[in-house]
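**Student:** Below is the structure, and that's it, no one-letter string:
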């Protein structure tokens, strides 16, 4: 089993739709969680951190469920510009730090 | 947050040759990280570059193949040596965003094609 798993998609949604991605992690030592966005042929860019209390940034909401060991990203009112790959990132604190990237979920938003 | 300049942005190289990738950060950072992203895959950590000491390599990556330099707190290089087509990939450098709890920022990447 992979340490971090994501549905690869692709998710094809119309503009204005709400779309949700999940990411599961297997190591309970996981302590820090992030969603990154990667556009085609570009580097990953930090979208938002994920906290147990949940956090919201405009149309984006991220949630962490430690008991079930998953994080989620909700995008409301999808825009064409949201089309990208969304990477789930988990940092393990096990003496040192180990960062694990999910393989990404591809999103296509269509007019 | 730190700004990273990475170059070259892309290159096409003959097998058997070597390519050195450079990353310059606009602020001093303790650790720099080198990743590889193969087509359709996620990021895999190659090594952590520490200033003043040997780089720490992840399983499956060795210094002879991927020598790293870290001469100061703002600069690092990764060399891909004796290249083969399997080395065709995107190579990215990265630094922490003021503490691991804040994630990372990445250079713009080097798209390498080995022919």
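**Tutor:** That came through, no problem. Computed from a prediction, not measured in an experiment: that's the story for all the values here.
**Student:** how about the residues of chain B near chain A?
**Tutor:** Proximity of chain B to chain A, by Cβ under 8 Å from any Cβ of the partner chain, involves residues B:33, B:41-45, B:92, B:97, B:100-109, B:111. To be clear about C-beta, it is placed using only N, CA and C from the backbone, and glycine gets the same treatment.
**Student:** Any chance of a ChimeraX selection covering the buried ones in those?
**Tutor:** Command for ChimeraX that selects the buried part of these, burial taken from 16 or more other Cβ atoms under 10 Å in any protein chain shown:
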select /B:33,42,43,44,45,92,97,103,104,105,106,107,108,109,111
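**Student:** In strands, which of the residues of chain B next to chain A appear?
**Tutor:** Using DSSP state E, B:33, B:43, B:44, B:45, B:92, B:104, B:105, B:106, B:111 are the members of these that sit in strands.
**Student:** Pull up the pairing partners for the lowest-mean-pLDDT helix or strand in chain A, direction included.
**Tutor:** Every helix and strand in chain A was compared by mean pLDDT, DSSP states H and E; the lowest is strand A:96-101, with a mean of 85. Looking at strand A:96-101 with DSSP bridges, its partner strands are strand A:84-94 (antiparallel).
**Student:** And the strand it pairs with, what's buried?
**Tutor:** Using 16+ other Cβ under 10 Å as the test for burial, strand A:84-94 gives A:84, A:85, A:86, A:87, A:88, A:89, A:90, A:91, A:92.
**Student:** Sort those by pLDDT and name the bottom one.
**Tutor:** Within the set of the buried residues of strand A:84-94, pLDDT is lowest for residue A:92 (85).
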